[in-house]
Each structure stands twice: as C-alpha cells, then as structure tokens.
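S.K.: Sharing a model that was predicted from the sequence below.
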Amino acid sequence: MMKMHTLAEKDLQHIWHPFTQMSEWMKEEPIVIVSGKGALLTDQHGRRYLDGNASIWTNLHGHGNAVINRAIKKQLSKISHSSSLGLANEPASLLAEQFVKVANPAAVYRDHAEGKPVNPRLEKVFFSDNGSTALETALKLACECAKRGKMGGAPRFLSLENAYHGDTVGAVSLGQVDLFHQAYSDLLFPTQKVMSPCCYRCPFNRAKPERADARTYRQCHWECVQKVGDLFDLAHKDRKPFTGFVFEPLIQGVAGMVAHPEGWLRRVAALARQAKTLLIADEVMTGFGRTGSTFACHQEGIQPDFLCLAKGMTGGYLPMAATLTTRSVFDQFLGSYESLKTFFHGHSYTGNQLGASASLASLGILEDPDNVVTRKALATVLGQQLDKLWKLPWVGDIRRVGLIAGVELVRDWKSREAWPMQDQVGIRVCREMARLGVLTRPIGNVIVLMPPYCCSKSQVRRMVSALTTSIKKVLGEGKL
Ligand SMILES: Cc1ncc(COP(=O)(O)O)c(C=O)c1O
C-alpha cells in the first residue's frame, strides 16, 4: 500500500465503503472530499469536480446552500434532536403539514369524472431515516392492512423485475438485483415479480432501429401491461390477491435508469385499483422535482396509497425519510390501548428536528415558481446535450426523465450487445470523467447523470462533454 500520512490513508486503514470492492479501493489514493459549494466538490488536493450524480441522487439545490444552512443553524440554536416516541416537535409538525399539501395537488383529483375511481388523499406522514426504511414502513403497514382489512389472508407483494428498493431485508425481498441480493436469498420472503417495461430491451419489440438518432419503440401493443393484468387475473382466480404493488414511477433507477413509456403507470395502476391492491410508490429517487413535477406519480395522474420518500427530502443534507399514507390505512391501526392495534415500529431519530428543518427549507426552494422554470430549462439543456451522443456507435440508448439520465453503452448500437462485466466499461468511463472533473457512478454499463438543480447550463454542458470525451477515450477504435 502507498505511504500516505493523510486523511486518505486513515480512510484506507479503517473505513469499509458501501457497494465497494475494497481490494480495488485500496489500490489507489481515494478522492477525499473536503468541501462543497453549489454543484462543485473540492478534494484534499484542491481539485474541483462537478457533482454529476448529485451525491448519489440526494442533492437538490447544491452544497452549502445558504437557505438550508441558515435553517439548520437556526434549528441548532434551539435543539438538534428529541424523540418522537411520546413527544412532538416544531419542524416535524410543520414539515408533515407541508408534505400533505404538496402531495395532494388538485391536478390528481381533477381528472376523475363522476363514477370513476377517485385517487386517495395522502394525509398521514410516518418519518424514518432512509429510503430502505421508508419502504419497510410501507411494507409493514400494508401487511397489517391485508390481515386486518377486508382482503384477509397472507400478505402478497408484486414488484418489478430488476427493481431496487433498498438494502434492508424487506426492501431486498421486493427487489431483484441478483448482483446485490442473491447472497442473502435465505433471509428473504417471497414476492412476485412482473416484467418491467424496458423498451430498449423489450422482447416484444422486433423493430430494429434504422438510424442511431431515430430510435422509436414501434409495434407496441402494451404487452408489458398485459403481463401485469395476467398476474392480477391469476391472483383473483386463485383467491390470492396481491396486498401491494410496489413500483418506482416513471423511471427505475438502479435497474439501469429504465424509463417507462408514457401511459404504462396509468394503465397498471388502474389494474391494481381494480384488484383492490394497494399502490406503493417508491419515490426515493424520483421525488422532489427530479422528473419534472414534485412527485413523479402525479405526472401520470396517479395517487398511491403509500408514497415513500428519502434521498432529496432534506435537499441532500441529512438522512431522513417519510412514508405518506391515507386515512383509511391509518384508521386500521386505531383502537383501545389493549387492542394492540398500535403500529409497533419506529427508529430513534424519527422526526429529527435538524433533518426536518433542512427539509422544510429545501421544499421552500423547490416550490419557488422561478426555480420550477429554471429546472425545466436545465432539463431541456440536458436533453439537447445528450442527444448529441446518439452519434457515437457505443451509445445504445439514452434514457432521460427530467433531470435524471442514463446512457447505456454497448459494443455496437445496431446489435445492442452488452459489454461483459469484466471489461468494467462503466467504471472505466466514470474514472475518466473524474479525471476531467466530473464525478458520477455507473450502474453496470449505464452512465448516470443527475445534475443538482443549482447547476448552470454550462455546468450541465461540461458534464455531458466529459462523458463524450471519456466514452471516446475508453471505447474508441481498437481500445477494447
Ligand atoms: C428507488 C430507491 N428506493 C430505495 C432506495 C434505498 O434508499 P437508501 O439508500 O436511502 O436506503 C434507493 C437507493 O438508491 C432507491 O434508489
């Protein structure tokens, strides 16, 4: 190991990093982040990098944001934390009120003519610490509802192929990322998976793209929706209804930034509603403006029974999460003390005051109409810049929803042949991008770009330019 009497050395000696092959990690001096301002991070040598994946999809308005800093400092001067077990507090109460406001926009109720099903209202907020715990909360609540409510019977959950909902055991049971999860299969409970609408690799789409920049998904007859319908029909026939249908709305992150075709969610949500299955939306990645609207579900006119939030919830400052749900779910847990209907679940830092203050400040910035316009313009620039990548033969697909983008690298766009894992194409491209001053992490061979909302247009252009140069450098003629 190299000799370094530095912070990097201390890290190498003592820290075990998440999702990291430590034998690889220990070969090089790591980048040690010492400060951040806006979309820029600065390392131990004074080098500056653009935060190309918003610090693993958490940061919204930039690092060192003056408004959020002020809110946290103000709260610090009062109190940092007191328990939510038996006590209320100011910022958590105000935040819950704000969440109920923004999570029930008039638009999701307007569309429903008389006689059609009406979206439920999200009225209750259960706080926890991270995305995984937000999902665990929804799972446990839905599980209890199945047992106590009209549905009866053993709880059953339906989720999407290649889904990722976190690393706690319940969340892993809902997921299907073999690379991460297979090792723990003995710990998991069974869940049913259904086809994810990944148009780029759709088995029903036989139309080959003719030109690299005109890849439309033709010949679609919504077979992917039919697959969901078939499972609901079978569950009905077998009298084994699904308790909950768990999904990421509009785009599945860890699955490889798989953007769903417009209308898919609306269609499958209608099937779930018909089957009286609870809708559990994982907006851990998509929430708080990433896809365009504050919450992605609303772009398809859907209101879930559970809305799971984390990551961007505090603007990327502090670990805090929330699970929003309906009064009808809440009511099933009401009863006398001795009835034991209490929701016996929670964490030490539930409703933490510093996190809630950061979240309130972040929400204020997010909802500012000027910022909504700026975000939209930034997403357009990101799209325009990424469109230039279609020219590269190794770019198989470019998937973007709002300010979330994934670029899938393949051997050749015509064959769509994937690079084998051992070539580490994604890792190598991201390493090259880091040399050019842009930090991000790949998902296999998909390069993720998720700019913080405070980015300037030129910073977004720099991110895509670094990606372009890096792809050419790693994959250019004869390189692999
Ligand atoms: C969609 C989704 N759900 C849940 C999680 C888990 O969140 P956390 O890492 O905060 O537990 C993630 C994390 O990447 C995610 O992308």
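M.R.: Received it, and whenever you're ready, just let me know what you need. Numbers count the residues shown, from 1 in each chain.

S.K.: In which helix or strand does the closest residue to S80 other than its chain neighbours reside?
M.R.: What sits nearest to S80 in space, not counting adjacent residues and going by Cβ to Cβ, 6 or more residues apart in numbering, is L354, at 5.3 Å. Every residue, glycine included, has its C-beta placed from N, CA and C. Assessed by DSSP states H and E, L354 sits inside helix 353-367.

S.K.: In that helix, which residues are buried?
M.R.: For helix 353-367, a neighbour-count test (16 or more other Cβ atoms under 10 Å) marks 353-363, 365-366 as buried.

S.K.: next one: stretch 170-183
M.R.: Judged by neighbour count (16+ other Cβ under 10 Å), stretch 170-183 contains these buried residues: G170, A171, V172, S173, L174, G175, Q176, V177, H181.

S.K.: Stretch 60-72 too?
M.R.: In terms of neighbour count (16+ other Cβ under 10 Å), stretch 60-72 has its buried residues at L60, H61, G62, H63, N65, I68, A71, I72.

S.K.: Now do stretch 288-296: everything it contacts.
M.R.: Contacts to stretch 288-296, defined as Cβ atoms under 8 Å, 6 or more residues apart in numbering, come from residues 57, 60, 102-103, 105, 248-251, 281, 283, 286-287, 299, 307, 309, 311-313, 362-363, 366-367, 372, 375-376, 379, 401-404, 450, 453.

S.K.: could you pick out which of the residues you listed are near the ligand?
M.R.: Checking the contacts of stretch 288-296 against the ligand by Cβ under 6 Å from any ligand atom, the ones in range are E248.

S.K.: Please list only the buried members of the contacts of stretch 288-296.
M.R.: In terms of neighbour count (16+ other Cβ under 10 Å), the buried residues within the contacts of stretch 288-296 are 57, 60, 102-103, 248-251, 281, 283, 286-287, 299, 307, 309, 311-313, 362-363, 366, 375, 379, 401-404, 450, 453.

S.K.: Which ones among these map onto strands?
M.R.: I251, A281, L307, L309, V401, I404 (DSSP state E).

S.K.: where's the nearest residue to the second one once chain neighbours are set aside, which helix or strand?
M.R.: Think A281. For A281, ignoring the flanking residues on the chain, the nearest one in space by Cβ to Cβ, 6+ apart is P304 at 3.8 Å. P304 belongs to no helix or strand when assigned by DSSP H and E.

S.K.: how far away is P304 from E161?
M.R.: Taking Cβ to Cβ, to the nearest Å as the measure, P304 and E161 are separated by 20 Å.

S.K.: Between the two, tell me which one has more neighbours.
M.R.: The neighbour comparison of P304 against E161 (other Cβ atoms under 10 Å) goes to P304, with 29 against 16.

S.K.: Now the stretch 51-200 of the chain against the ligand: closest residue?
M.R.: The minimum distance from the stretch 51-200 of the chain to the ligand, using Cβ to the nearest ligand atom, falls at G131 (2.1 Å).

S.K.: Report the contact partners of that residue.
M.R.: So, once contact is read as Cβ under 8 Å, 6+ apart, G131 ends up touching H165, G166, A171, D282, V284, M285, C308, A310, K311, A321.

S.K.: Quick check: phi and psi on it?
M.R.: phi -60, psi -40 (degrees, to the nearest 10).

S.K.: Please name the nearest non-neighbouring residue to the residue in the stretch 251-400 of the chain positioned nearest to the ligand.
M.R.: When Cβ to the nearest ligand atom is the measure, the stretch 251-400 of the chain has its nearest residue to the ligand at V284, with 3.5 Å between them. In space, and not counting its chain neighbours, V284 is closest to G131: 3.6 Å by Cβ to Cβ, 6+ apart.

S.K.: Q75 now?
M.R.: Counting by Cβ to Cβ, 6+ apart, the nearest residue to Q75 once its immediate chain neighbours are dropped is S357, at 3.8 Å.

S.K.: near the ligand, which residues of the protein?
M.R.: Counting by Cβ under 6 Å from any ligand atom, the residues of the chain near the ligand are 130-132, 135, 164-166, 248, 253-254, 282, 284-285, 310.

S.K.: Now do the buried residues in stretch 9-21.
M.R.: Neighbour-count burial for stretch 9-21 flags E9, D11, L12 (criterion: 16+ other Cβ under 10 Å).

S.K.: and which of those is nearest P30?
M.R.: D11 (5.8 Å; Cβ to Cβ).

S.K.: I figured the closest one hits I33, correct?
M.R.: No: the pair formed by D11 and I33 falls short of the contact definition of Cβ atoms under 8 Å, at 11.0 Å.

S.K.: follow-up on the earlier one: pLDDT at the residue nearest to V284, what is it?
M.R.: Note for G131: predicted pLDDT of 98.

S.K.: hmm, which two among the residues of the chain next to the ligand are most spread apart?
M.R.: N130 and E248 (15.8 Å).

S.K.: which phi and psi does the residue nearest in space to the middle of the chain have?
M.R.: In the chain, the centroid-proximal residue (Cα atoms, centre = their mean) is M285; its distance is 1.9 Å. Geometry field for M285 lists phi and psi as phi -90, psi -40, criterion degrees, to the nearest 10.

S.K.: which residues touch the nearest residue to it once chain neighbours are set aside?
M.R.: The shortest distance from M285 to any residue that is not its chain neighbour, by Cβ to Cβ, 6+ apart, is 4.3 Å, and that residue is G253. Applying Cβ under 8 Å, 6+ apart, one finds that G253 lies in contact with W57, Y164, M285, T286, I404, I443.

S.K.: so which of those comes closest to R201?
M.R.: The shortest distance between R201 and any of those, using Cβ to Cβ, involves I443 and amounts to 14.2 Å.

S.K.: residues touching the nearest residue to that closest one once chain neighbours are set aside, list them.
M.R.: Counting by Cβ to Cβ, 6+ apart, the nearest residue to I443 once its immediate chain neighbours are dropped is G256, at 5.2 Å. G256 makes contact with N162, C198, G406, E408, I443, G444, V446, according to Cβ under 8 Å, 6+ apart.

S.K.: taking those residues one by one, which sit in strands?
M.R.: Per DSSP E, the contacts of G256 map to strands at G406, E408, I443, V446.

S.K.: quick check: domain ranges of this structure?
M.R.: Taking automatic domain parsing as the domain assignment, the record places the domains of the chain at 31-64+371-475, 73-367.

S.K.: between those domains, which has the poorest average model confidence?
M.R.: In terms of mean pLDDT, the lowest-scoring of those is domain 73-367 (a mean of 92).

S.K.: doesn't A71 make contact with the residue nearest to Q75?
M.R.: Yes: contact criterion Cβ under 8 Å: S357 and A71 qualify, at 4.6 Å.

S.K.: Run the chain-centre distance for stretch 231-240.
M.R.: What separates the centre of stretch 231-240 from the centre of its chain is 30 Å, taken as Cα atoms, centre = their mean, to the nearest Å.

S.K.: Fine, thanks again, bye for now.
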